[in-house]
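> got a structure for you, letters missing:
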């Protein structure tokens, strides 16, 4: 299969008209051209160029696929980070609450033992 670019021959030079895929025109290693009709020419790039184009298209498709996968991964990571930040915030709030409660317990405990004499201590 060969891809050929069709041009119109005008006073300004070659004007691109379109692309044709042909089973009949194996181009070989040199650029080949032939007249398609009155005032038209078909230029076929070398086969190795066509294979390079196919490989580039395949590589491009693979990279687009990989980019889509990475984009989904990035979105998933953003969601995970947001969840983790929410959990950290809740944990910090819980820690503050527990710290406050611990302070109250210390005050109550200290108040409960303030009138209790320590053994071996004498009042002056």
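On my side now, so go ahead. What you see is a predicted model; the values in this text were computed from it and never measured.

> CA atoms for contacts and neighbours, from now on please.
Fine.

> where does pLDDT dip in this structure?
Low-confidence segments of the chain, defined by pLDDT under 70: 1-49, 122-124.

> quick one, strands of it?
2-10, 13-22, 32-37, 40-44 (DSSP state E).

> the chain: helices as residue ranges?
When assigned using DSSP state H, the helices of the chain occupy the ranges 47-113.

> check the burial of residue 110 by counting its neighbours.
The local packing of residue 110 (other CA atoms under 10 Å) involves 11 other residues.

> and it, how close does it get to residue 97?
Here residue 110 is placed at a distance of 20 Å from residue 97 (CA to CA, to the nearest Å).

> same deal with residue 59?
56 Å.

> next: residue 111.
As for residue 111, its distance to residue 97 is 21 Å (criterion: CA to CA).

> do residue 89 as well
12 Å.

> ok, residue 101 - how many residues close by?
Neighbour count of residue 101, defined by other CA under 10 Å: 12.
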